[in-house]
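1. Sequence and predicted structure are below.
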Amino acid sequence: MLKSALVKLQQDISTTVTWALKEDLGALDEQSPSTDQDITAMLIPENEHAVATVITREDCIVCGVAWVNEVFKQLDTSQRRQQNGCFSATEITWFVNDGELVKANTTLFELKGNARTLLTGERAALNFLQTLSGTATLTSKYVRELSGTKTKLLDTRKTLPGLRSAQKYAVLCGGGVNHRIGLFDAFLIKENHIAACGGIAQAVSTAKLNHSDKTVEVEVESMDELQQALKAGADIIMLDNFTPAMIEQAVTATRGKAKLEVSGNMTIEILQEYTKAGVDFISSGALTKHVQAIDLSMRFQ
């Protein structure tokens, strides 16, 4: 992930955690998330101390450490203000790292702190951890299918709203590679752009004129369009819904003049079939939009 993307990621962690806590606690826009908005946690004595552990109930690639830490950091900050500094800060001890493969029933981390805080932050923290670990785990399964080939696995912009940078990071933890982060860092000229611009040549020419430092990728749907994209000087050409036979023709015709990416219904079952011709990339929206959360559990000791 590029340096600028990492900076954006750090900013997004704080923002998305705040949003998640406010969503759970019904906090007004001008309010900070606080345990006193958790009416069930308020049943517990104010100074009750607790120890809890979080385990995974299934094998997974872990992702989401920073989000969990941020949840309890924000709740602690709120409690500190409310109690004038007289409070028990949450201690988090991690036994695993992002990107690590763990087996079912592994203890991921331990929490020590105010019982109200631990319970208030539980759902938001585990929601991030289960979703991002799910993304990383699915990505790792796709990556294993590409093992031994030159083809790299790319993600897409088909991410969960508000979790773009988080899921892009999870893809990296699973061994995948990030495509463009958004609409600002690279060109992806698709069918409707081509139609509105007046053709592939015109679209690529204008892109290079407007931002000569940005990668220009063109999506094509036929061998004729592939030749047009090559002639226009595209850096990457996306072969949309090409058959394996057509992809072999495209690799031969391109001869290294541009990178080739395959997309369109790239399920894990057919990946190897599409790598045989030697394409550079396979992209799949399933990594981030078909994600299945990992089953996690928090228990008080």
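-> Sure, I can see it.

2. Show the residue spans covered by the helices in this structure.
-> If DSSP state H is used as the criterion, the helices of the chain fall at 3-25, 65-82, 115-145, 164-173, 191-197, 200-210, 223-232, 244-254, 271-275, 286-289.

3. ok, and which of those has the densest surroundings?
-> Across the helices of the chain, averaging neighbours per residue (mean count of other CB atoms under 10 Å) puts helix 164-173 on top, at a mean of 25. Placement of C-beta: from N, CA and C, glycine included.

4. Need the residues that contact it.
-> Contacts to helix 164-173, defined as CB atoms under 8 Å, 6 or more residues apart in numbering, come from residues 1, 5, 8-9, 12-13, 16, 61-64, 67, 98-99, 128, 131-133, 135-136, 139, 155, 157, 159-160, 177-178, 181-182, 287-288, 291.

5. Could you check the angle it makes with helix 115-145?
-> With axes from the mean of the first three to the mean of the last three CA atoms, to 10 degrees applied, the angle from helix 164-173 to helix 115-145 works out at 50 degrees.

6. Let me see the mean pLDDT of helix 164-173.
-> Mean pLDDT, computed over helix 164-173, is 96.

7. and it, how far out from the chain's middle?
-> Centroid separation for helix 164-173 versus its chain: 3 Å, with CA atoms, centre = their mean, to the nearest Å.

8. could I get that helix in CSV with only the CA atoms?
-> Provided in CSV are the C-alpha atoms of helix 164-173 (Å, rounded to 0.1, in the frame of the first residue of the first chain):
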residue,chain,number,x,y,z
ARG,A,164,-12.6,1.0,1.6
SER,A,165,-9.2,1.5,3.1
ALA,A,166,-9.8,-1.1,5.8
GLN,A,167,-10.7,-3.8,3.3
LYS,A,168,-7.9,-2.8,1.0
TYR,A,169,-5.6,-3.3,3.9
ALA,A,170,-7.2,-6.7,4.7
VAL,A,171,-6.5,-7.8,1.1
LEU,A,172,-2.8,-7.1,1.7
CYS,A,173,-2.9,-9.1,4.9
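
9. what residue of this protein is the furthest out?
-> Using CA atoms, centre = their mean, the residue of the chain lying farthest from its centre is Pro45. It sits 38.3 Å away.

10. pLDDT score for Glu70?
-> For Glu70, the model assigns a pLDDT of 97.

11. can you tell me how far the residue nearest to Asp155 when sequence neighbours are not counted sits from Tyr274?
-> Leaving aside its sequence neighbours, Asp155 sits nearest to Val171 (CB to CB, 6 or more residues apart in numbering; 4.5 Å). Distance of Val171 to Tyr274, given as CB to CB, to the nearest Å: 19 Å.

12. got a list of what the nearest residue to Val220 once chain neighbours are set aside touches?
-> Closest residue in space to Val220, ignoring its immediate chain neighbours: Leu226 at 4.9 Å, by CB to CB, 6+ apart. Contacts for Leu226 were tallied using CB under 8 Å, 6+ apart; they are Val220, Ile237, Leu239, Ala250, Ala253, Thr254.

13. and the gap between Gln301 and Gly113?
-> Per CB to CB, Gln301 is found 13 Å from Gly113.

14. picking that back up, what sits against the residue farthest from the centre of the chain?
-> With CB under 8 Å, 6+ apart, Pro45 has these contacts: Ala115.

15. Also Ser205?
-> Contacts of Ser205 (CB under 8 Å, 6+ apart): Ala232.

16. Which pLDDT value belongs to it?
-> For Ser205, pLDDT reads 98.

17. ditto for the one 3 residues further on
-> The per-residue pLDDT reported for Lys208 equals 97.

18. Asp235 is in contact with that one, correct?
-> No - in this structure, Lys208 is not within contact of Asp235 by CB atoms under 8 Å, at 9.5 Å.

19. shared neighbours of the two, which are they?
-> Val216.

20. The spatially closest residue to Lys22 that is not a sequence neighbour: neighbouring residues, count only.
-> Nearest residue to Lys22 in three dimensions, chain neighbours excluded: Pro33, at 5.6 Å (CB to CB, 6+ apart). The number of residues packed near Pro33 is 25, by other CB atoms under 10 Å.

21. From Ala124, how far out is Pro33?
-> Going from Pro33 to Ala124 by CB to CB gives 9 Å.

22. Find the residues that touch each one of these two.
-> Counting by CB under 8 Å, 6+ apart, the residues touching both Pro33 and Ala124 are Leu21, Asp24.

23. about what we covered before: could you export the helices of the chain as CSV, including distance to Asn265?
-> Formatted as CSV, the helices of the chain follow (distance: least, CB to CB, whole Å):
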stretch, distance to Asn265
helix 3-25, 27
helix 65-82, 31
helix 115-145, 14
helix 164-173, 19
helix 191-197, 16
helix 200-210, 23
helix 223-232, 19
helix 244-254, 13
helix 271-275, 10
helix 286-289, 9
